[in-house]
Every structure is written in C-alpha cells, then in structure tokens.
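Asks: Got a sequence here, can you build the structure:
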Amino acid sequence: MTAPKFSAASSAPHILVLHGPNLNLLGVREPTIYGNDSLADIDARLVCLAQATGATCLSFQSNNEGALIDCIHAAPQKGIGFIVINPGGLTHSSVALRDALSGVALPFIEVHLSNIHAREPFRHRSLLADQAVGVIAGLGVRGYEFALTWALEYLQKRS
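Replies: Here you go, the predicted structure:
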C-alpha cells in the first residue's frame, strides 16, 4: 500500500487513520477476535463518516514500522490535524512509533478491535497510551467510528 495522498490546501479537517501490522488480514484473520469486516470495509465507512461532515479521512496500512513512522512524520506538513491509530502488535513493542507520534505533537487516539486487557498479559501494556488523547479497545470496528467522530468534534472545537 502506498502512502496516502492529501493536500494541505483544503480548509476541511484532515484525519489520518493508520493501521499497523497484520491489519491487512482483517476479515480472514481470526474473525472470532477481529470480526468479519475487511480493512477496505472499515476504511470506506470512515471516509463516508468524515465526508458527511465535510472532513477528509485518509487511511494507510503497513506491516513495516518504518513506513508507518514516515507517514506520521509527513502528517503535519500535509495538513493532518488528528491521527487515529491501530498500531497492532507494535502497541506493545515500538518505542520508535511512540517517539514518532510524540515528535509530531499531533493529537491521536489509539484504537484496538479486541479488548487487549482481556487477552494475553503481554498485550495489556501499551507504549502509546499515555501519549494518546484516548484509547478505545474491544468495541470492534465501531471503535474506529467512535474515534473518528471524537476526532472530528475535537478539531471542530479547535477551529
């Protein structure tokens, strides 16, 4: 998947949705844990939700930590005002991802389809959560929708 294309020229709020490793397998990977919706289904729903408010929602998925970091680094120059991120397994291991999010100083919400606190003990710890505006876990694909709605309201209040 290539990096998302966007333009800072528009005055509409720009929200970036980042999907970490293995999320490209949604819909086929462990549907009892992650549900039956594909990543394309989720992204299409988020784009419609954003467009209904006049905002722009751009999505990017990578199994490569560096590609996610590069996308985060480019976000401020591209006019992104908020990030919604499901870091997948990088939640529990990536100091570099944490540093990238901290470095760009954009507000973000961490999202997980499953309840990471009801799973294996190593999943209970997030390296990003204390930097996030909020964390949503265990609500399935609705968690993305709640995060996007909240991000839109946050950006509206700031403008």
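
Asks: Could I get the full set of strands for the chain?
Replies: 14-19, 56-61, 82-86, 108-112, 134-137 (DSSP state E).

Asks: Pick out the residue nearest the middle of this protein.
Replies: Geometric centre of the chain, nearest residue: I85, 2.1 Å, by CA atoms, centre = their mean.

Asks: The worst-scoring helix or strand of the chain on mean pLDDT: which residues count as buried?
Replies: Scoring the helices and strands of the chain by mean pLDDT, DSSP states H and E places helix 31-34 at the bottom, with a mean of 74. By neighbour count, and taking 16 or more other CB atoms under 10 Å as the criterion, the buried residues in helix 31-34 are Y34. All C-beta spots, glycine's among them, are computed from the backbone N, C-alpha and C.

Asks: Show me how far that helix is from its chain's centre.
Replies: Using CA atoms, centre = their mean, to the nearest Å, the distance from the centre of helix 31-34 to the centre of the chain it belongs to is 19 Å.

Asks: same deal with stretch 102-122?
Replies: Averaged over its C-alpha atoms, stretch 102-122 has a centre that lies 9 Å from its chain's centre (CA atoms, centre = their mean).

Asks: Numbering from 10 from now on, please.
Replies: With 10 as the first residue, the last one maps to stretch 111-131.

Asks: Just give me the neighbour total for the closest residue to V142 other than its chain neighbours.
Replies: If you skip the residues right next to it in sequence, V142 has P116 as its closest partner in space, 4.8 Å away by CB to CB, 6 or more residues apart in numbering. Around P116 there are 16 other residues, counting by other CB atoms under 10 Å.

Asks: Could you double-check that P116 sits in contact with V93?
Replies: No - contact status for P116 versus V93: not in contact, 10.0 Å apart, counting by CB atoms under 8 Å.

Asks: Could you pull out the residues contacting both of those two?
Replies: A160 (CB atoms under 8 Å, 6 or more residues apart in numbering).
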